[in-house]
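Asker: just the structure for this:
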Amino acid sequence: MKTAIENDKEVYRYEYKKDIYVLRLRGNITDKETTKELEKIVSDILKEEISKLIIYQKGEIFAREEEFGQVLRLLTNNNTNIKFAGLSGRFKELVMIRKLNTQFKMYDSLEEAVKSYN
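Answerer: Down below sits the predicted model:
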(Lines give C-alpha, C1' and ligand atoms only; values in the text may rest on other atoms or scores of the structure.)
Protein backbone atom coordinates (compact mmCIF):
# COMPACT_ATOMS: atom_id res chain seq x y z
CA MET A 1 0.00 0.00 0.00
CA LYS A 2 1.27 3.49 -0.81
CA THR A 3 -0.03 6.78 0.43
CA ALA A 4 0.88 10.31 -0.58
CA ILE A 5 0.58 12.98 2.07
CA GLU A 6 -0.10 16.63 1.42
CA ASN A 7 -0.35 18.99 4.39
CA ASP A 8 -0.84 16.00 6.71
CA LYS A 9 -3.91 14.87 4.77
CA GLU A 10 -4.10 11.79 2.61
CA VAL A 11 -4.54 12.63 -1.08
CA TYR A 12 -4.49 9.14 -2.52
CA ARG A 13 -3.87 5.57 -1.49
CA TYR A 14 -3.83 2.38 -3.43
CA GLU A 15 -4.31 -1.13 -2.17
CA TYR A 16 -5.57 -4.55 -3.14
CA LYS A 17 -9.05 -5.74 -2.23
CA LYS A 18 -9.11 -9.40 -3.19
CA ASP A 19 -7.64 -9.39 -6.73
CA ILE A 20 -8.83 -5.83 -7.38
CA TYR A 21 -6.61 -2.76 -7.27
CA VAL A 22 -8.33 0.17 -5.53
CA LEU A 23 -7.09 3.73 -5.98
CA ARG A 24 -8.70 5.94 -3.32
CA LEU A 25 -8.70 9.66 -4.02
CA ARG A 26 -9.56 12.59 -1.79
CA GLY A 27 -8.40 16.04 -0.89
CA ASN A 28 -6.63 18.69 -2.90
CA ILE A 29 -5.37 17.52 -6.29
CA THR A 30 -5.00 20.97 -7.82
CA ASP A 31 -1.27 21.61 -7.65
CA LYS A 32 1.04 20.38 -10.39
CA GLU A 33 3.36 18.44 -8.08
CA THR A 34 0.59 16.30 -6.59
CA THR A 35 -1.01 15.84 -10.00
CA LYS A 36 2.30 14.72 -11.57
CA GLU A 37 2.84 12.25 -8.73
CA LEU A 38 -0.69 10.88 -9.13
CA GLU A 39 -0.18 10.68 -12.91
CA LYS A 40 2.94 8.57 -12.31
CA ILE A 41 1.10 6.31 -9.85
CA VAL A 42 -1.75 5.71 -12.35
CA SER A 43 0.74 5.10 -15.15
CA ASP A 44 2.67 2.60 -12.99
CA ILE A 45 -0.54 0.79 -12.02
CA LEU A 46 -1.56 0.47 -15.66
CA LYS A 47 1.92 -0.76 -16.66
CA GLU A 48 1.59 -3.60 -14.15
CA GLU A 49 -1.14 -5.00 -16.40
CA ILE A 50 -3.67 -4.96 -13.58
CA SER A 51 -6.89 -6.47 -14.91
CA LYS A 52 -9.27 -4.89 -12.37
CA LEU A 53 -9.03 -1.31 -11.10
CA ILE A 54 -11.50 0.77 -9.11
CA ILE A 55 -11.04 4.54 -8.88
CA TYR A 56 -12.77 5.37 -5.60
CA GLN A 57 -13.55 8.88 -4.40
CA LYS A 58 -13.21 8.93 -0.64
CA GLY A 59 -14.45 12.32 0.52
CA GLU A 60 -14.31 15.61 -1.35
CA ILE A 61 -11.80 16.07 -4.16
CA PHE A 62 -10.62 19.48 -5.29
CA ALA A 63 -9.36 19.11 -8.85
CA ARG A 64 -9.04 21.30 -11.93
CA GLU A 65 -9.35 19.94 -15.42
CA GLU A 66 -6.04 21.43 -16.55
CA GLU A 67 -4.04 19.55 -13.92
CA PHE A 68 -6.15 16.42 -13.59
CA GLY A 69 -6.94 15.92 -17.28
CA GLN A 70 -3.77 13.95 -18.04
CA VAL A 71 -4.55 11.49 -15.24
CA LEU A 72 -7.99 10.91 -16.75
CA ARG A 73 -6.51 10.57 -20.27
CA LEU A 74 -4.27 7.75 -19.05
CA LEU A 75 -7.35 5.75 -18.09
CA THR A 76 -8.71 5.67 -21.63
CA ASN A 77 -5.61 4.18 -23.26
CA ASN A 78 -5.29 0.73 -21.67
CA ASN A 79 -6.86 -2.72 -21.40
CA THR A 80 -7.65 -2.58 -17.69
CA ASN A 81 -11.25 -3.15 -16.57
CA ILE A 82 -11.71 0.18 -14.77
CA LYS A 83 -14.70 1.14 -12.66
CA PHE A 84 -15.48 4.31 -10.72
CA ALA A 85 -17.07 4.34 -7.26
CA GLY A 86 -18.43 7.03 -4.97
CA LEU A 87 -18.00 9.91 -7.40
CA SER A 88 -19.44 13.32 -6.54
CA GLY A 89 -18.75 17.00 -6.93
CA ARG A 90 -16.02 18.33 -9.18
CA PHE A 91 -14.38 14.94 -9.77
CA LYS A 92 -17.65 13.52 -11.08
CA GLU A 93 -18.02 16.59 -13.32
CA LEU A 94 -14.55 16.01 -14.78
CA VAL A 95 -15.35 12.36 -15.48
CA MET A 96 -18.60 13.40 -17.21
CA ILE A 97 -16.93 16.20 -19.21
CA ARG A 98 -14.40 13.69 -20.52
CA LYS A 99 -17.26 11.22 -21.18
CA LEU A 100 -15.52 8.53 -19.16
CA ASN A 101 -18.92 7.55 -17.82
CA THR A 102 -19.66 6.13 -21.29
CA GLN A 103 -16.47 4.04 -21.27
CA PHE A 104 -16.43 2.83 -17.68
CA LYS A 105 -19.11 1.68 -15.24
CA MET A 106 -19.89 3.94 -12.31
CA TYR A 107 -21.11 2.76 -8.90
CA ASP A 108 -22.39 4.61 -5.85
CA SER A 109 -20.18 2.69 -3.41
CA LEU A 110 -16.91 0.80 -3.32
CA GLU A 111 -18.74 -2.33 -2.19
CA GLU A 112 -21.00 -2.26 -5.28
CA ALA A 113 -17.99 -1.83 -7.58
CA VAL A 114 -16.13 -4.75 -5.94
CA LYS A 115 -19.20 -7.01 -6.19
CA SER A 116 -19.64 -6.14 -9.86
CA TYR A 117 -16.40 -7.95 -10.74
CA ASN A 118 -17.88 -11.31 -9.64
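Asker: so residue 53 sits right up against residue 84, yeah?
Answerer: No. In this structure, residue 53 is not within contact of residue 84 by Cβ atoms under 8 Å, at 9.9 Å. Yep, even glycine has a C-beta here, placed from its N, CA and C like the rest.
Asker: remind me which helix or strand residue 54 belongs to.
Answerer: strand 52-63 (DSSP states H and E).
Asker: in its sheet, what does that strand sit against?
Answerer: strand 20-29 (parallel), strand 81-85 (parallel) (DSSP bridges).
Asker: if we can go back for a sec, tell me which of residue 53 and residue 84 has more neighbours.
Answerer: Each of residue 53 and residue 84 has its neighbours counted (other Cβ atoms under 10 Å); residue 53 has more, 24 against 21.
Asker: quickly list what that one is bridged to.
Answerer: Residue 53 forms beta bridges with residue 21, residue 82, as assigned by DSSP bridges.
Asker: next, the contact list for it, please.
Answerer: Neighbour list for residue 53: 20, 21, 22, 23, 45, 46, 80, 81, 82, 83 [criterion: Cβ atoms under 8 Å, 6 or more residues apart in numbering].
Asker: so which of those comes closest to residue 60?
Answerer: Nearest to residue 60 among these, counting by Cβ to Cβ, is residue 23 at 16.4 Å.
Asker: pretty sure that closest one is touching residue 43, no?
Answerer: No. The pair residue 23 / residue 43 is not scored as a contact, 11.9 Å apart, by Cβ under 8 Å.
Asker: may I ask you to name the longest helix in this protein?
Answerer: Counting by DSSP state H, the longest helix found in the chain is helix 32-47.
Asker: mean confidence for that one?
Answerer: The average of the pLDDT scores along helix 32-47 is 84.
Asker: would you mark the buried spots in it?
Answerer: 34, 35, 37, 38, 39, 41, 42, 45, 46 (16 or more other Cβ atoms under 10 Å).
Asker: ok, the residues you listed vs residue 62, which is closest?
Answerer: After measuring those against residue 62 - Cβ to Cβ - the closest member comes out as residue 34, at 10.4 Å.
Asker: hang on, isn't residue 87 packed against residue 93?
Answerer: No. Assessed by Cβ under 8 Å, residue 87 is found out of contact with residue 93, at 9.2 Å.
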